[in-house]
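A.B. asks: Just the structure for this:
(one chain, ligands or ions: 1)
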Amino acid sequence: MRMGVRPSARQLAARERHAAISRAAWRRAEAVRAVMLAPECAATECGARVAQRGHLMCRDHWLSLPLELRLVILRSQAAGHVRSYQDAVTAAVDLIDNGRVGL
Ligand SMILES: [Zn+2]
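C.D. replies: Residues are numbered from 1 along each chain as shown. You can find the predicted model right below:
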């Protein structure tokens, strides 16, 4: 792009897309942060306190999840893969909320 030239409609659209992606990424990061700071189990109806800060769920709900999903959560968290982590946490909470696993 030459300096002093007004951005084209295509460039403006690209900037808006980029801003929207950044906002979505920010919202996901905030959701993960809320989980990380929450002293309560992430299962919607549970409300039990977790063993320590940074734990996602109470022991019973955590152990009710399929092992493979627990591993995805732990590995994506350790790797700092926010999107994968958030997707896995959402899947875990959905499983519990829909009664497909749980207590
Ligand atoms: Zn729980």
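
A.B. asks: Which positions within stretch 82-91 qualify as buried?
C.D. replies: Within stretch 82-91, the residues scored as buried using 16 or more other C-beta atoms under 10 Å are 82, 85, 86, 88, 89. All C-beta atoms are positioned from the backbone trio N, CA, C, and that covers glycine.

A.B. asks: how about that stretch as CSV, C-alpha atoms only?
C.D. replies: Taking Å, rounded to 0.1, in the frame of the first residue of the first chain, the C-alpha atoms of stretch 82-91 are listed here in CSV:
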residue,chain,number,x,y,z
VAL,A,82,-6.6,-21.0,24.5
ARG,A,83,-9.0,-21.9,21.7
SER,A,84,-8.6,-25.7,22.2
TYR,A,85,-8.8,-25.3,25.9
GLN,A,86,-12.0,-23.3,25.7
ASP,A,87,-13.6,-25.7,23.2
ALA,A,88,-12.7,-28.6,25.5
VAL,A,89,-14.1,-26.9,28.6
THR,A,90,-17.3,-26.0,26.7
ALA,A,91,-17.6,-29.7,25.6
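
A.B. asks: Which residue ranges of the protein form strands?
C.D. replies: Counting by DSSP state E, the chain forms no strands at all.

A.B. asks: Near the ion, which residues of the protein? Just list them.
C.D. replies: Taking C-beta under 5 Å from the ion, the part of the chain that reaches the ion is made up of 41, 43, 46, 48, 58, 61.

A.B. asks: Just the buried ones from these?
C.D. replies: 41, 43, 46, 58, 61.

A.B. asks: residue closest to the middle of the protein?
C.D. replies: residue 86 (2.0 Å; C-alpha atoms, centre = their mean).
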